[in-house]
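[1] have a look at this prediction, sequence included:
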Amino acid sequence: MKTIKINFTFLFLLLTLGAITTSCVEDDDYNAPEFLETPPNIDPNDVITLSSVYSELAQNDNENFTFQQTGKYALAYVVSSDIGGNFFKELVVQDKPVNPTIGISIQANLNPLFTRYNFGRRVFIKLDGLTISQRRGGPTQFNEPRLGIDDGEDVAQIPEALVEEHIIRDVVVEGIVPTTLDIADLSEENLNTYIKLENVQFNRTYFGNEEPPTYASDAGDDFDGERILESCETNASTILSTSTFSDFKGLTLPSGSGSLNGILTRDFFGEFYTIYLNSPANVDMTGERCDPEVFECEGPTSSADEIFNEDFEGINNLNQLTDWVNVNVTGGDTDYFIGSFNNNNYAQVSGFNSEESDIEAWLITPEINLDASTQEEFTARIEAAFDNGNLLNVFITSAYTGDPTTTEWEGLDVNVPNGPAQGFGGLQDVGPINISCVEGESIRIGFRYIGSAPSSTTRYHIDDVNISGLLD
């Protein structure tokens, strides 16, 4: 009888253990496990703000600061989600669910994170043992704080065994309200916070090709797919980044205009703003596109006779060209200059390292007489490099006033090429574009560059500016 009793007890324990184990297994990997919801036992007097965490870094001259024996916890709300694979072992939190003033990225060696730290979840961050740092990209340090384990210059991930000790889940889940911004208004204050961009669209050069554009599965997408977003209101542009390891990398980019919600951060090198989505469900772009009206002519064109051509060879300064206009109308020093690579000269412009927040630079051809020709067309070659936004447009006028800001320009339908975020895209042919219906005996072509350091600084090379047609 004693043996039978032991066997029944063992069987009961075995069945109980099986029931407990089964209750913890989810059929769907995207379903969060059930947690026993009890509020954490934390003294309110020991809770500080994320701003206080960041202030320790500022007071330490932006050098790594490690919290030790403070007994303090930082209150925060989760705004990132790795459910779609666009974040990896990183938890982004902000100080408030509405109108946040600061956000911080936490490096945590745990995957996935969303099952425990879901979007909107309030958390308490145990600071002792953690280090606050400015994120580094290559040699660059910039204002984007990160929490993790000190590893010298930067911070490493919190070990998996210590994640739940340092990031304490609360029972509260808040509705996160994105901060609505225009691309032109993005600033460091918004880094690592949840934002909304309204009335935006992806650059038109992505569309009209044989293969539809994707978030991150196009040729040249190595680690991130970087796509140019444009504001329909201000024409400002920024980058949407999508990991090539995300679940939605192969989805087609929406071709309309609308809004998206995401987390503002910087690229790896800290040179420009970029936005990461939690999910493609955060994109709503079903409205009509807002591409600008462009100058259009109907009828035949011809390249039989060259009317005008400039290849920028044989000079080392644009001032050596007769009647060309090279001016920064916003008063800064950024303008066009002669660049050269592989024994080929071109006109070059970039706002990089300019420290100018408002750049409008024009390069304008001399007057080109079309009185003795017909069927005229425009062509050129343009290269984009270190691309962080579409900043170049091409215009035509037959009534130049001597000042590009008072001249009535018409936009040419030039698909200015996009380039890689790091490196060069190569000179690409643009055109031919029919300009045969322009009124007036002579015209000028204007290349307008609108940038802003440090976040809108794409570099352009312009070469082989050409007007051709049929001479009478």
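    That came through, no problem.

[2] phi and psi next, for residue 204.
    With angles defined as degrees, to the nearest 10, residue 204 sits at phi -70, psi -20.

[3] can you give me the neighbour number for it?
    18 (other C-beta atoms under 10 Å). (Glycine included, C-beta is placed from N, CA and C.)

[4] and the closest residue to it other than its chain neighbours, what pLDDT?
    Nearest residue to residue 204, sequence neighbours excluded (C-beta to C-beta, 6 or more residues apart in numbering): residue 291, at 5.4 Å. We note a pLDDT of 88 for residue 291 in this prediction.

[5] residue 349 and residue 451: what is the separation?
    8 Å (C-beta to C-beta, to the nearest Å).

[6] over to residue 116?
    Remark: distance between residue 116 and residue 451 (C-beta to C-beta) = 42 Å.

[7] again with residue 325
    Distance from residue 325 to residue 451, by C-beta to C-beta: 18 Å.

[8] then residue 92?
    Counting by C-beta to C-beta - residue 92 and residue 451 are separated by 28 Å.

[9] looking at the two, which one has more neighbours?
    Neighbour totals were compared for residue 92 and residue 451, and residue 451 leads with 30 against 25 (other C-beta under 10 Å).

[10] chain neighbours aside, what residue packs nearest to the more buried one?
    residue 351 (3.5 Å).

[11] can you pull the contacts of the closest residue to residue 117 other than its chain neighbours?
    Counting by C-beta to C-beta, 6+ apart, residue 117 lies nearest to residue 78, which is 5.0 Å off, once chain neighbours are set aside. Counting by C-beta atoms under 8 Å, 6 or more residues apart in numbering, residue 78 touches 91-93, 117-123.

[12] so which of those belong to helices?
    Here DSSP state H is the test, and the contacts of residue 78 give no hits in helices at all.

[13] now the residues you listed: which count as buried?
    91-93, 117, 119-123 (16 or more other C-beta atoms under 10 Å).

[14] returning to that earlier point: what is in contact with residue 349 and residue 451 at once?
    334, 361.

[15] residue 116 and residue 169 touch, don't they?
    Yes - counting by C-beta atoms under 8 Å, residue 116 touches residue 169, with 5.9 Å between them.

[16] could you find the closest non-adjacent residue to residue 409?
    That would be residue 395: by C-beta to C-beta, 6+ apart, it lies 3.8 Å from residue 409.

[17] now the one you found: how far from residue 288?
    From residue 395 over to residue 288 (counting by C-beta to C-beta), the distance is 24 Å.

[18] what of residue 214?
    Residue 214 is 22 Å from residue 288, by C-beta to C-beta.

[19] who's more crowded, these two?
    residue 214 (18 against 10).

[20] beta partners of that one?
    residue 252 (DSSP bridges).

[21] make 9 the starting number, not 1.
    Understood, numbering begins at 9; the last thing we discussed is residue 222.

[22] so who does it touch?
    233, 257-261.

[23] quick one: buried residues of stretch 377-386?
    Buried-residue list, stretch 377-386, by 16+ other C-beta under 10 Å: 378, 381, 383-386.

[24] wait, stretch 72-81
    72-75, 80-81.

[25] ok, now stretch 96-114?
    By neighbour count on 16+ other C-beta under 10 Å, the buried set for stretch 96-114 is 97-105, 108, 110-114.

[26] strands - which of the residues you listed land there?
    Among those, the ones falling in strands (DSSP state E) are 98-102, 111-114.

[27] save these as CSV, and put in pLDDT too.
    Shown next, in CSV, are these (pLDDT from 0 to 100):
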residue, pLDDT
98, 97
99, 98
100, 98
101, 98
102, 97
111, 96
112, 96
113, 96
114, 97
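
[28] what are the bridge partners for the spatially closest residue to residue 325 that is not a sequence neighbour, then?
    Spatial nearest neighbour of residue 325, chain neighbours left out: residue 346 (6.2 Å); criterion: C-beta to C-beta, 6+ apart. Beta-bridge pairing for residue 346 (DSSP bridges): residue 355.

[29] next one: residue 346 from residue 322, what distance?
    The gap separating residue 346 from residue 322 is 10 Å, by C-beta to C-beta.

[30] quick check on the two: which one has the bigger neighbour count.
    Between residue 346 and residue 322, counted using other C-beta under 10 Å, residue 346 has the larger neighbour count: 17 against 7.

[31] quick one, what contacts that one?
    Residue 346 neighbours (C-beta under 8 Å, 6+ apart): 320, 323-326, 353-356.

[32] quick one: pLDDT of the residue nearest to residue 125?
    98.

[33] which strand residues bridge it?
    residue 101.

[34] could I get the full set of strands for the stretch 359-480 of the chain?
    367-372, 376-377, 381-393, 400-405, 418-419, 436-442, 450-459, 467-479 (DSSP state E, counting those that start in this stretch).

[35] which stretch among the ones you listed comes nearest residue 50?
    strand 450-459 (47.2 Å; C-beta to C-beta).

[36] quick check: buried residues in the closest one?
    451-459.

[37] sort these by pLDDT and name the bottom one.
    Among those, residue 459 carries the weakest pLDDT, at 88.

[38] that residue pairs with what?
    Beta bridges link residue 459 to residue 367, judged by DSSP bridges.

[39] wait, it touches residue 468, no?
    No - counting by C-beta under 8 Å, residue 459 sits too far from residue 468 to count as a contact (9.8 Å).

[40] next, show the common contact partners of the two.
    Residues touching both residue 459 and residue 468 by C-beta under 8 Å, 6+ apart: 358, 399.

[41] identify all contacting residues around stretch 114-128.
    40-41, 43, 85-91, 95-101, 105, 131, 133, 154-157, 163-168, 171-172, 175, 177, 181-184, 286.

[42] then that stretch to PDB, C-alphas only?
    Taking Å, rounded to 0.1, in the frame of the first residue of the first chain, the C-alpha atoms of stretch 114-128 are listed here in PDB:
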ATOM      1  CA  ILE A 114      17.900  50.400 -24.000                       C
ATOM      2  CA  GLN A 115      20.200  47.700 -25.200                       C
ATOM      3  CA  ALA A 116      19.000  44.300 -24.000                       C
ATOM      4  CA  ASN A 117      20.200  40.900 -25.000                       C
ATOM      5  CA  LEU A 118      16.700  39.400 -25.200                       C
ATOM      6  CA  ASN A 119      14.700  38.300 -28.200                       C
ATOM      7  CA  PRO A 120      11.800  38.800 -28.600                       C
ATOM      8  CA  LEU A 121      11.100  41.700 -26.300                       C
ATOM      9  CA  PHE A 122       7.500  42.500 -27.300                       C
ATOM     10  CA  THR A 123       6.100  39.500 -25.500                       C
ATOM     11  CA  ARG A 124       6.900  41.100 -22.200                       C
ATOM     12  CA  TYR A 125       7.500  44.800 -23.000                       C
ATOM     13  CA  ASN A 126       4.700  45.500 -25.400                       C
ATOM     14  CA  PHE A 127       3.900  48.800 -27.000                       C
ATOM     15  CA  GLY A 128       2.600  51.300 -24.400                       C
END
